[in-house]
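Novice: okay, structure incoming, though there's no sequence with it:
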């Protein structure tokens with residue numbers, strides 16, 4: 001009879017450890033998704049800087065659109081295009097045409113929002129050239 005109690009205690013301990021492991025894996029997945037978003041935005045910012053440097057060097061005009069994806073040559077892998085409302089899909093990029101925001105919708109439903117600005121403040125700020133930059137706005141929950 002004592003072995004059954006020992007077995008039950010072991011099962012309970014393993015179950016508790018499994019719950020903690022699952023929570024840690026969920027946090028790690030969320031952190032990895034955030035890192036992926038930041039990496040994608042860094043790539044977009046780099047391409048924006050390339051466009052600006054080309055313009056500063058050779059002249060010309062900047063694109064009239066406020067969609068930063070139209071400024072760059074490569075698009076995020078899961079970019080849906082210009083939309084007026086949030087899509088049902090998760091883990092996707094889209095440009096909200098009404099708010100003029102580049103948005104990433106996370107798996108958990110919250111939104112990372114970015115806005116292309118032509119008046120990004122001091123030119124000494126990182127990722128800003130000639131006042132143009134891609135600024136992260138406050139995240140929004142749905």
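Specialist: Noted; the coordinates are in hand. The structure displayed is predicted, hence computed values, not measured ones.
Novice: now do the contacts for the residue nearest to residue 83 when sequence neighbours are not counted.
Specialist: Closest residue in space to residue 83, ignoring its immediate chain neighbours: residue 94 at 4.8 Å, by Cβ to Cβ, 6 or more residues apart in numbering. For the C-beta atoms, the positions are set from N, CA and C on the backbone; glycine is no exception. The contact partners of residue 94, by Cβ atoms under 8 Å, 6 or more residues apart in numbering, come to 79, 80, 81, 82, 83, 86, 87, 102, 103, 105.
Novice: my guess is the last one meets residue 91, correct?
Specialist: Yes - with contact defined as Cβ atoms under 8 Å, residue 105 and residue 91 form a contacting pair (7.0 Å).
Novice: neighbour count: the two, which is higher?
Specialist: Remark: of residue 105 and residue 91, residue 105 carries more neighbours, 22 against 14, as counted by other Cβ atoms under 10 Å.
Novice: follow-up on the earlier one: so the residue nearest to residue 83, which of the three states?
Specialist: Following DSSP: H, G, I helix; E, B strand; the rest coil, residue 94 is assigned to strand.
Novice: just the one 4 residues further on next, same as before
Specialist: Three-state assignment for residue 98 (three-state DSSP): coil.
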